[in-house]
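Undergrad: when you get a sec, could you give me coordinates for this:
(2 chains)
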There are 2 protein chains.
Amino acid sequence: MINVTQTYLPPIEEYRSFLQRAWDAKWLTNRGQLVKELEEKLIAYLGVDNLTLTTNGTLPLQIAIKAMELKGEIITTPFSYVATTSSIVWENCKPVFVDIHPDYLTIDETLIEAAITNDTSAILATHVFGNPCNVEVIEQIARKHNLKVIYDAAHCFGVNYKGKSIFDYGDVSTCSFHATKIFHTGEGGCWITNNKELHHKIYYHHNFGHKNQEEFLGLGTNAKMSELQAAMGLAVFGHLDEIFKGRKEVVGFYDEYLKDSPVRKLKIRENTEWNYHYYPVIFETEEELLKVKEILNSQQIFPRRYFYPSLNTLPYLKEQKCEISESISKRILCLPLYVGLDKRIVENISKTISNG
Amino acid sequence: MINVTQTYLPPIEEYRSFLQRAWDAKWLTNRGQLVKELEEKLIAYLGVDNLTLTTNGTLPLQIAIKAMELKGEIITTPFSYVATTSSIVWENCKPVFVDIHPDYLTIDETLIEAAITNDTSAILATHVFGNPCNVEVIEQIARKHNLKVIYDAAHCFGVNYKGKSIFDYGDVSTCSFHATKIFHTGEGGCWITNNKELHHKIYYHHNFGHKNQEEFLGLGTNAKMSELQAAMGLAVFGHLDEIFKGRKEVVGFYDEYLKDSPVRKLKIRENTEWNYHYYPVIFETEEELLKVKEILNSQQIFPRRYFYPSLNTLPYLKEQKCEISESISKRILCLPLYVGLDKRIVENISKTISNG
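TA: Next comes the predicted model:
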């Protein structure tokens, strides 16, 4: 069976050897040595100021909204994983959807200003499949209207834009280290911000508001990463070169086999060092997509309709129209992409698509 | 150094051998085989209807409040870990504190009705240190006033009341499987409910609202437990007899050495099979507590002021008075208690307390 992703697993002995340190210390969570070491490694690797690991990639989004005391409307993209919208709704704000750019698939920055009202408190945008938003224009708009900017950068590990980490843009970025991600900790995530005060506030929010065992700075929840997760991160970290190389290779195969195919591909924004995280293809029609998907499924190959559905159509929201996102959501398919995926399978998938 | 708790660690090879199955399946989260197996084992062991594992013990509290659509005021106890109150506040409800019983340390059920207003939607009470609340009276009150009942049963693994699991009382119970708990998964937790409809709702809330990959039933967040955590649970599960026996033994030592001490102990409710989770002692005055704590700390022994502070005094809340809880919070100390704690250390701690 070929799934859209396959978790990268380091040798289990490497995992065990990191974990042995937690066993020796008899310490499995609450800011253990492995969590701290992984944070230091990631900060150095990514070249960012402040990064804290979390138990998954969704809670830092919710916590960031809480920490910035966002109220009312948050302008967001309909083309993302559901967590982007659900975090807004969970935290009692209203998502206001702005349609996406048809080539970059990120929020269409030219439409943002028209969506701003007196109730708008922030922009929460997603760097789609690791493809950066137009961060400069979004920053200008946010400054002009005094809005906060959060980037859901779940797909962005290793992405650089204009020579620095994409995580370095916006008031805060969040990332996912879910098992299906390039760099992962089984479940996991983090937030990154270059605002020290905001970092401090998100930090205590993520650990019950503790100042110390007996004093509290404010409200909190539990979003702590455990040593079990951090050990996985440390083990995977040692293989990053191999992971990026392996993904780039598979992307190269697809590019080669699909070069004459009628399907459309993601347009990567200029000045981006991309991370080869997903291989989405956009069909002319949903019927074509469904036909190809059915053929592949019958061969035990499972690409994924992703992102689908367009988030403005979620059943718990009042309808807002986003024509481009709705249209693309119905026609986009993410192809299997992971380290070690056989070239012949890529060839077979590509032929099925081309002959659709 | 002797801490108030020490994580029970199964042999690392046992953990590794459960984890090998996740490696073989190349599957680390999203309802993997280890999570499912652990849920089945816990359901059978505890004799409960529905139990779902979560990434920690706090999120099921927040999710339960969301799932029952609680609004307005929630009557709760000031004597608990901060998560009990913070979950109410995080979910935009108002905690209304009812003072505790001076012996049982659980919410004083005789004071609950006086605190009910038209805005009250639920009672969220804690079985303190595994000591059950007066669940019968709370149930009567809840029925009479049409209120929901949530039990924060974080400390209650293995506690039975009137012949059945304490988790079986209330609309929903939540438990913590934090590293310091009797049964643990590093970080972790669960909810238990015998209401199938509510279980279904909490279930989809804990996994983004997914019905399947492409359809959503409603709002959600991410509270999924990973295979890394479940493997720990499965490894610890095999040692439960040893864990309960080891704790009971240490409790026996304290009981013996402290039998003539002036400190007061927790009164366990009648008809309870208790789980030996904590050994709290209540001093006559805070000064005595601080003196003993200082002596023990100087010997590298770290009992914990727990629960402290009384939650009605949290800095982000408007003041509400709870005299008994505030008084006991200042005078209660949880003594070191874990499997394998040396009898001579228990003797030494007990003598320090008795000679205060």
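Undergrad: can you list the weak-confidence ranges in chain A?
TA: A:356 (pLDDT under 70).
Undergrad: tell me the domain ranges of it?
TA: What automatic domain parsing lists as the domains of chain A is A:7-237, A:240-355.
Undergrad: for the stretch 151-300 of chain A, what lies in contact range of chain B?
TA: A:178-179, A:184, A:186-187, A:208-210, A:213-214, A:216-222, A:224, A:226-229, A:232 (C-beta under 8 Å from any C-beta of the partner chain). Glycine gets a C-beta too; all of them are placed from N, C-alpha and C.
Undergrad: so which of those residues are in strands?
TA: Counting by DSSP state E, these place A:His210, A:Phe216 in strands.
Undergrad: name only those of the residues of the stretch 151-300 of chain A next to chain B that count as buried.
TA: Buried subset of these (neighbour count, 16 or more other C-beta atoms under 10 Å in any protein chain shown): A:178-179, A:184, A:186-187, A:208-210, A:216-222, A:224, A:226-229, A:232.
Undergrad: hang on, A:Ser86 packs against B:Asn207?
TA: No. Using C-beta atoms under 8 Å, A:Ser86 is not in contact with B:Asn207; the gap is 10.8 Å.
Undergrad: which of those two has more neighbours?
TA: More crowded of A:Ser86 and B:Asn207, by other C-beta atoms under 10 Å in any protein chain shown: A:Ser86, with 26 against 17.
Undergrad: how close does that one get to A:Pro95?
TA: Look at A:Ser86 and A:Pro95: by C-beta to C-beta, to the nearest Å, they are 9 Å apart.
Undergrad: likewise for A:His155?
TA: 19 Å.
Undergrad: same deal with A:Tyr276?
TA: Applying C-beta to C-beta, the value for A:Tyr276 to A:Pro95 is 30 Å.
Undergrad: with A:Ile112 instead?
TA: On the measure of C-beta to C-beta, A:Ile112 and A:Pro95 end up 14 Å apart.
Undergrad: go on, A:Leu289?
TA: Distance, A:Leu289 to A:Pro95, using C-beta to C-beta: 26 Å.
Undergrad: same check on A:Glu284?
TA: A:Glu284 is 30 Å from A:Pro95, by C-beta to C-beta.
Undergrad: more neighbours: those two, which one.
TA: A:Pro95 (22 against 12).
Undergrad: tell me which other helices or strands whichever strand or helix holds the more buried one touches.
TA: A:Pro95 is part of strand A:94-97 when elements are defined by DSSP states H and E. Applying 3 or more C-beta pairs under 8 Å, 6 or more residues apart in numbering or on different chains; DSSP states H and E, we find strand A:94-97 packed against strand A:73-76, helix A:82-90.
Undergrad: ok, 6 Å please
TA: Under the contact criterion of 3 or more C-beta pairs under 6 Å, 6 or more residues apart in numbering or on different chains; DSSP states H and E, strand A:94-97 touches strand A:73-76.
Undergrad: partner strands of the strand it packs on, parallel or antiparallel?
TA: Sheet pairing for strand A:73-76, assigned by DSSP bridges, gives strand A:94-97 (parallel), strand A:120-126 (parallel).
Undergrad: deepest of the ones you listed, which one?
TA: Ranked by mean neighbour count, the strands paired with strand A:73-76 are led by strand A:120-126 with a mean of 25 (mean count of other C-beta atoms under 10 Å in any protein chain shown).
Undergrad: centre of the chain versus the helix or strand following it, how much separation?
TA: Sequence order places helix A:135-145 as the next helix or strand after strand A:120-126, per DSSP H and E. Distance of helix A:135-145 from the chain centroid (C-alpha atoms, centre = their mean, to the nearest Å) equals 21 Å.
Undergrad: contact partners of the helix or strand that comes right after helix A:135-145?
TA: Past helix A:135-145, heading to the C-terminal end, the next element that is a helix or strand (DSSP H and E) is strand A:148-152. Strand A:148-152 has contacts (C-beta atoms under 6 Å, 6 or more residues apart in numbering or on different chains) with A:64, A:68, A:84, A:122-126, A:142, A:170-174.
Undergrad: all helices in the stretch 151-300 of chain A, in order from the N-terminus.
TA: Per DSSP state H, counting those that start in this stretch, the stretch 151-300 of chain A carries helices over the ranges A:196-205, A:227-237, A:240-257, A:286-298.
Undergrad: now the shortest one and helix B:82-90, what's the angle there?
TA: Pointing back at helix A:196-205 there. Interaxial angle of helix A:196-205 relative to helix B:82-90 (axes from the mean of the first three to the mean of the last three C-alpha atoms, to 10 degrees): 120 degrees.
Undergrad: please apply the same query to the second one.
TA: Helix A:227-237 runs at 80 degrees relative to helix B:82-90, counting by the same axes, to 10 degrees.
Undergrad: show me what helix A:227-237 is packed against.
TA: Using 3+ C-beta pairs under 6 Å, 6+ apart, the elements in contact with helix A:227-237 are helix A:12-25, helix A:33-46.
Undergrad: so which of those helices gets nearest chain B?
TA: Among the helices and strands packed on helix A:227-237, helix A:12-25 comes nearest to chain B, with 5.2 Å by C-beta to the nearest C-beta.
Undergrad: quick check: buried residues in the closest one?
TA: A:Glu14, A:Tyr15, A:Arg16, A:Phe18, A:Leu19, A:Arg21, A:Ala22, A:Trp23.
Undergrad: can you check stretch A:192-204 too?
TA: For stretch A:192-204, burial by neighbour count (16+ other C-beta under 10 Å) applies to A:Ile192, A:Thr193, A:Asn194, A:Leu198, A:His199, A:Lys201, A:Ile202, A:Tyr203, A:Tyr204.
Undergrad: how far does that stretch sit from the chain's center?
TA: Centre-to-centre, stretch A:192-204 and its host chain are 20 Å apart (C-alpha atoms, centre = their mean).
Undergrad: A:Asn222 reaches B:Pro60, doesn't it?
TA: No. Using C-beta atoms under 6 Å, A:Asn222 makes no contact with B:Pro60, being 10.6 Å away.
Undergrad: so what's A:Trp191 closest to, chain neighbours aside?
TA: What sits nearest to A:Trp191 in space, not counting adjacent residues and going by C-beta to C-beta, 6 or more residues apart in numbering or on different chains, is A:Pro60, at 3.9 Å.
Undergrad: which helix or strand contains A:Asp103?
TA: If you go by DSSP H and E, A:Asp103 is not part of any helix or strand.
Undergrad: burial measure for it, as a count.
TA: Residues lying near A:Asp103 (other C-beta under 10 Å) number 14.
Undergrad: helix, strand, or coil at the closest residue in space to A:Asp260 that isn't next to it in sequence?
TA: Closest residue in space to A:Asp260, ignoring its immediate chain neighbours: A:Ser354 at 7.0 Å, by C-beta to C-beta, 6+ apart. At A:Ser354 the chain is in helix, as set by DSSP: H, G, I helix; E, B strand; the rest coil.
Undergrad: give the contact list for the closest residue in space to A:Arg247 that isn't next to it in sequence.
TA: Ranked by C-beta to C-beta, 6+ apart and with sequence neighbours excluded, the top spatial neighbour of A:Arg247 is A:Tyr276, at 3.9 Å. Shown in contact with A:Tyr276 (C-beta under 6 Å, 6+ apart): A:Arg247, A:Lys248, A:Val251.
Undergrad: same question for A:Leu240.
TA: By C-beta under 6 Å, 6+ apart, A:Leu240 lies in contact with nothing.
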